[in-house]
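In: Give me a model of this one.
(6 chains)
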Number of protein chains: 6
Amino acid sequence: MFYQDDKLQYEVKCGKPDPRFAVLLQQAIGGVEGEIRVAMQYMFQAFGAQGPKKYRDMLMETAAEELGHIEMLAHAVALNLKGAPTKLTDEMAAKDGAVAAALGGMSPRQYLSTGLHALPQDSQGTPFDASHVYASGNIAADMLANVVAESTGRALACRLHHAANCSDMKDMLKYLIARDTMHQNQWLAAWEELGGVKQHPIPDTFPMDEEMREVSYKFLGFKKDGGPPPRGRWSEGESIDGKGEFSSEVWEPRGQTPDLGMAPPAAYAQTSQTEASAKSVAKGVKKAVKNAVTPDPKKKSRASKKKTT
Amino acid sequence: MFYQDDKLQYEVKCGKPDPRFAVLLQQAIGGVEGEIRVAMQYMFQAFGAQGPKKYRDMLMETAAEELGHIEMLAHAVALNLKGAPTKLTDEMAAKDGAVAAALGGMSPRQYLSTGLHALPQDSQGTPFDASHVYASGNIAADMLANVVAESTGRALACRLHHAANCSDMKDMLKYLIARDTMHQNQWLAAWEELGGVKQHPIPDTFPMDEEMREVSYKFLGFKKDGGPPPRGRWSEGESIDGKGEFSSEVWEPRGQTPDLGMAPPAAYAQTSQTEASAKSVAKGVKKAVKNAVTPDPKKKSRASKKKTT
Amino acid sequence: MFYQDDKLQYEVKCGKPDPRFAVLLQQAIGGVEGEIRVAMQYMFQAFGAQGPKKYRDMLMETAAEELGHIEMLAHAVALNLKGAPTKLTDEMAAKDGAVAAALGGMSPRQYLSTGLHALPQDSQGTPFDASHVYASGNIAADMLANVVAESTGRALACRLHHAANCSDMKDMLKYLIARDTMHQNQWLAAWEELGGVKQHPIPDTFPMDEEMREVSYKFLGFKKDGGPPPRGRWSEGESIDGKGEFSSEVWEPRGQTPDLGMAPPAAYAQTSQTEASAKSVAKGVKKAVKNAVTPDPKKKSRASKKKTT
Amino acid sequence: MFYQDDKLQYEVKCGKPDPRFAVLLQQAIGGVEGEIRVAMQYMFQAFGAQGPKKYRDMLMETAAEELGHIEMLAHAVALNLKGAPTKLTDEMAAKDGAVAAALGGMSPRQYLSTGLHALPQDSQGTPFDASHVYASGNIAADMLANVVAESTGRALACRLHHAANCSDMKDMLKYLIARDTMHQNQWLAAWEELGGVKQHPIPDTFPMDEEMREVSYKFLGFKKDGGPPPRGRWSEGESIDGKGEFSSEVWEPRGQTPDLGMAPPAAYAQTSQTEASAKSVAKGVKKAVKNAVTPDPKKKSRASKKKTT
Amino acid sequence: MFYQDDKLQYEVKCGKPDPRFAVLLQQAIGGVEGEIRVAMQYMFQAFGAQGPKKYRDMLMETAAEELGHIEMLAHAVALNLKGAPTKLTDEMAAKDGAVAAALGGMSPRQYLSTGLHALPQDSQGTPFDASHVYASGNIAADMLANVVAESTGRALACRLHHAANCSDMKDMLKYLIARDTMHQNQWLAAWEELGGVKQHPIPDTFPMDEEMREVSYKFLGFKKDGGPPPRGRWSEGESIDGKGEFSSEVWEPRGQTPDLGMAPPAAYAQTSQTEASAKSVAKGVKKAVKNAVTPDPKKKSRASKKKTT
Amino acid sequence: MFYQDDKLQYEVKCGKPDPRFAVLLQQAIGGVEGEIRVAMQYMFQAFGAQGPKKYRDMLMETAAEELGHIEMLAHAVALNLKGAPTKLTDEMAAKDGAVAAALGGMSPRQYLSTGLHALPQDSQGTPFDASHVYASGNIAADMLANVVAESTGRALACRLHHAANCSDMKDMLKYLIARDTMHQNQWLAAWEELGGVKQHPIPDTFPMDEEMREVSYKFLGFKKDGGPPPRGRWSEGESIDGKGEFSSEVWEPRGQTPDLGMAPPAAYAQTSQTEASAKSVAKGVKKAVKNAVTPDPKKKSRASKKKTT
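Out: Predicted structure coming up:
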């Protein structure tokens, strides 16, 4: 379970509030590379952890850390919005196309929906969507997914550091960038402890002779002109997982031309697509066409009856 | 199956990079009127094609074409982002409300998430959502859906052509606009070959005497004052599908006043909404109210027991 | 503006409540082929209508009609949920894999979130998403979009009619199917009045000599083996819009091999991707590598300073 | 910031695992009435809290509590999935339509994506979407939003308790239902402390003489037949906020008939909708029509030139 | 059912068109605090209404009113877009980072997708998502949900009023703000009529002695240091619902350390996580490892066979 | 650009059609672990590729391959839906709660929206959402993201293989599982070629002495009781990237207690939260309160004036 206190994990100051930076910071809160995502990802991996117990513990520790990062960044957004413009003025009005963004380039909802605070959304206003929480039930896949999350997260933090025009914001980001360095190393450490590249292909519990071994280590080429596929470490030598030899091949189709035949009557496709043998429908269509010309005066639905009586 | 080569379908240059145009181009990539949508729509229509085989072939050909359009547009975005501003500077800072958009009006994720490249999202940052892929299993509906996709797509391309401030971008769009012209004609050709307006109502396999014929060709009016509905081609003369006569009528309700009665106990509505005859619940409520005043000291849940013992 | 009364547009009864049909009906309420979509689509087309006034009027009339269809279908869902199972029982429990769906095959939220009522979602639980509201500002594109909406809507209603196991539900659907017949004809009538196929390509306001005429009426082939594209009405004869001649061509790439060169330093790509001339970054990287081995004891961030002093 | 330990807030057992209940529990995890929503809602309200400090503290305490509820429910899902069927067998196969749900009625992703664990999604598979996090920057609105979240949350928990077929699950839910009782009271307490109904209308900082007072306490009727609006506490007597007198009125339109005139050329509407005065476009259209008949052989786009030379 | 006429509910003028205000207005149309949401919320609450009939009537009346508000706001957006810039010009081009937003700060789709009209989306381009329609089947929860919707809606309208730079827009908003005042009062009136705070906890049909009474009125503290929870109206005195006494407690975990043991073979976790007793899988893994070294030349899948013969 | 032919990449047969398997296969088409995702991910990584050219080529080749996998799986879905039940029958009706899923456990839209075909959605009906396309502009991050996609993809394929009740489906999956083996190896090969673990932290272009080195290799503990963090490869020894030494530390907050002070008037918070110095608002509020008691008869909005004159 979780606990809290009333301090920030690391100091957050803002000497030069800038509503435009408040937009960009949202990516680190609610973006797919952001802190809500990793906090929830580590939590759900912990909640479903099976096998060696120490991984659950590690996941919960870092989940708690990431929750604190959300808090820091949300505070940074609020500080950057201090004194932000909340009125449209004539100077900005639509003249010669030379107008600026509404509200000084803020995310409009940072004013309209919250009164100058952070939201659980990304820099473009897309709300955080929890389908980005990867918790596959396979610990090696999860550890690598975490390395990726921290790699794209660190790239994001570096870009924010580059964009920032305020040394306080840069200082906060230096802390977060360093934590992403550790987290990349930490999940890589777990992945190596579990076997590293040699535990691939993930999952390692599917019997390899059950897969179609002939194509397990073959780079397939799909060039229009049948030319050779690109060469590299992946086209020759022992495979990275140590369980095969790389080769490459220009692939020729091995499957049939797909043919689904005619549609069944229940599909309500057009007549031209529909099974000829579908007698009852065909009859209905014929009747429908006939009816279109000479409607049957005796056949009435409930509503018609009611009305005419 | 699909193949590729390393050339673009049509030349893409960019003499005057403009990060603001990179925002707008996203609509043509990941917008509901965009190329990812049509590429996937034609593919899924092909995958489910039933009936005459040539339509599947045509769909696959044009799907391959549209995949190449995504590539062209993504390249155009990257070219427009060359040299784009990636730092917030003082000149733009929040002063007198006269600030510009963050990062020169770019989609923030075009820098923060990709390092100056295209994303599968629209001009407002909404990720492409595949529920926009229409493949109904009815070929006539699908052909018309494709005409619409190419009509809104061409309107979009014309608006982009109008907004563009670079002759290279305009040249690329002239190619795409022309292709939309062909594609509108091509899907209309298929729709006409299949029967055109005379195959309506779609689907043509539902027996028309099974529908309530009385209202099949009647324009219904819902004016507050009971006034007559608007007149036009739809209010008199033979119907477009040739199967009826248009007329119009001020509609009067033919249905009952809906009344769902009281809620069942299992709904956990409020007492005031709930079936009186629901004895077990009612009893529970009474007990609850009583308990609220004098909690039963003997009744304890598992946790309480554990704690007090 | 809108008004209401307390009657249903058409009678809705339910002799044989079936929670499974309540699931399917949701598609007609909140699905992409459903009534919320068309009600909102006709409204937003009306709100943005420009040009001849009668179309706005027609759109508003039918929007009001569709709002009444949502009401009918929501009532039908509630009636089908009368007496639905709300408890999991042992008979259904996980034994030999032979278990049924939870809650008798209902959409779980139909019980859990509403206490046995309809929701603005589709048959699979996806909430209605208003990006499906097409209102392009181009009246011809909009009229055709409406024909498509009514065509997929009628296909849906026919499939529901086929699936239904209750004559009351079938009766209600006969009314709705007939209305879809009218609505297809009505939007086709408007489209024909505006010019029909001859007003294509849509929009008709873009000067055609501004597009790349050479490919405006050419079916392009993308076969792997360079074989001829499929023949049909679209490959020869006058184009459907009457403004060109159809032909076809195996397409060869006309564009360059895309080459974006090296990444700028601000992209925070890997070193192997980054511009050699980016001196300041390169220096930083070198320093970083050096620092990795021998951290500079003099350089400290704010936090470190604070701690050690 | 946040901390954690390795115990559950309250005991979670599962004597009768049932994969169908694992589906239903998802609503309490990732549904709009669920625990992820309230945990994040209380957090973001705390992050943006302004004014009296004790509310921030209270919000953070309860956010920590709700994080622990997510953990409990995720554990309950995993326990209910123990031994769940993961194979399709012949007994269930499509025969006479009498087949069951795939995988014994589980959410398919509970097996396919996680290997039998919980996901941050609702009972219908919709991923949690953070736009449901209400943090308006107005404390009274937020406190009431929390009362609502806990009311729908308690209704959900009661329905789950009703559906459950396992006393252990019922025991866990009794704890959660009791907490929802407290949380409703707690947010109501804060709302009352802040002024209760007398602080309405929210926000209380907008000068009331700036709004159109004439309609501030008037129930408006929109009956088709102009009949009187429904009477109740809202139609007479002092208003709830104590700042006016209730009355009611049949509303007549006070606005104009909306008329947007013709579309500008840049809209790329159809010609029939477009401003007559738009000479340059009109000329283009005329030229386009002319070109359609006799294409100008001298005008060529870049690509055409390239090809023919 | 619904009816319409061709007038606006209240006059909408626009003396100073401003495309930036057209962006902001979108929040009131398609935002979570906006009019589409309340219109649909009141409709779906009405469609599912059970119990006293007057509430259904009231809900339908106000639903009709809100539909008219959508129309007013969509008209206001179109008026604000009159004459908006639709071209990118050099003055705005990417120079020294001092560029403005594309298209004068408009929502790009307001031009690209509609030709200068409103869309059913919020101010950040997120399409309206109907999961925000709260209709819980519990009338008290619904009435409070409506108070919240009108409170956040009024806060939004006040912020728009503040931002507006045009007295016509301010006049329209004064009407809408006043209606939100009434609507807050109206739903509060219904809630009070139904019992007000004394009908809490909602739902009032769950027997209170079935919940774990021990924690029903206890504020729980989760401070890291075990310190006391914040004091306030919620920590002592009679509970707001009058059914208990408030107290507070530092919570200690009462649950177990969660332990899901090893993963079953079907989970396709890694070997290190998987049940040792899973013989068949283990055997497969062993074989797989063996095969990795010495592939069995006799074992071939269908495809391989086909090819080599 | 892309090309196609009319054969499947690998043979797809279906000896035992099963609509329940058609549900499960959707996860491999439109799920976050599915083929649409990887096809688009490799495409967008290629479109944005910078640096060594061979990676772009490799990405395009495998993108083409994955497009063919979508086709195969969509065909498999259609084959599994052959003869699927499309009617609700009495045998399945709601009796004793012992009912099955609607339509034999199919995804309802597989019948209702397509007439028995595949959709670009996952096994739970969530449409594919392109925010899952990771293309970060950093090649090392992208290669690892691809390893993860193929790891979760292979876990999914193994689970489908396990669930399948048809040897033809198993045969198709053996091909796909083998391809996932190759793809994991292929992306790992590229990642190793680029530097493997030694190029971490990603991005390697951010100067490491700019991050807060003190915490770059320190595992931080957040235990409630201040106990030591979990030990493992990540807590001692050289860091995986070779640039530091692992250690661990119980973290103490280094940041301040966040305090945002009072809200500005423009936030439209409640009075109790708002800056006392905000004179103009305060005056407004006072006037509002006064007006609430004695409305100023002289102040009227435009509409009121109009009406009374």
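
In: what's around A:Asn165, how many residues?
Out: By other Cβ atoms under 10 Å in any protein chain shown, 16 other residues sit near A:Asn165. C-beta: built from backbone N, CA, C; applies to glycine.

In: Remind me which helix or strand A:Lys54 belongs to.
Out: helix A:53-80 (DSSP states H and E).

In: who does the strand with the most length in chain A touch, helix- and strand-wise?
Out: Ordering each strand of chain A by length in residues (DSSP state E) puts strand A:245-250 first. Applying 3 or more Cβ pairs under 8 Å, 6 or more residues apart in numbering or on different chains; DSSP states H and E, we find strand A:245-250 packed against strand A:218-221, strand A:237-238.

In: same thing but 6 Å
Out: If you count contacts as 3 or more Cβ pairs under 6 Å, 6 or more residues apart in numbering or on different chains; DSSP states H and E, strand A:245-250 packs onto strand A:218-221.

In: mind listing what the strand it packs on pairs with, with the direction of each?
Out: Next to strand A:218-221 in the sheet, as set by DSSP bridges, lie strand A:245-250 (parallel).

In: Near chain E, which residues of chain A are found?
Out: Proximity of chain A to chain E is confined to A:1, A:3, A:5, A:50-51, A:86-88, A:93-94, A:97-102, A:108-109, A:112, A:125, A:137-140, A:194, A:203-205, A:207-209, A:212-214, A:243, A:254 under the rule Cβ under 6 Å from any Cβ of the partner chain.

In: The residues you listed in helices, which ones?
Out: A:108-109, A:112, A:139-140 (DSSP state H).

In: thinking again about what came up before, contact partners of the longest strand of chain A?
Out: When contacts are defined by Cβ atoms under 6 Å, 6 or more residues apart in numbering or on different chains, strand A:245-250 is touched by residues A:217-219, A:221, A:226, A:229, A:234-237, A:239.

In: What are the buried residues along it?
Out: Neighbour counts over strand A:245-250 (16 or more other Cβ atoms under 10 Å in any protein chain shown) mark A:246, A:248 as buried.

In: Just want the angle from it to helix F:53-80.
Out: 70 degrees (axes from the mean of the first three to the mean of the last three Cα atoms, to 10 degrees).

In: Give me the residue at the spatial middle of chain A.
Out: A:His132 (4.5 Å; Cα atoms, centre = their mean).

In: list the contacts for it?
Out: A:32, A:37.

In: how does it look with 8 Å?
Out: A:32, A:37, A:41, F:32, F:131-132 (Cβ atoms under 8 Å, 6 or more residues apart in numbering or on different chains).

In: That one and E:Ile70: what is the separation?
Out: According to Cβ to Cβ, to the nearest Å, A:His132 stands 32 Å off from E:Ile70.

In: again with A:Ala155
Out: On the measure of Cβ to Cβ, A:Ala155 and E:Ile70 end up 41 Å apart.

In: Of the two, give the one with the bigger neighbour count.
Out: Neighbours were counted for A:Ala155 and for E:Ile70 using other Cβ under 10 Å; A:Ala155 has more, 31 against 24.

In: residue contacts, the more buried one?
Out: For A:Ala155, the contact set (Cβ under 8 Å, 6+ apart) comprises A:33, B:115, C:268, F:136-138, F:141, F:202-203.
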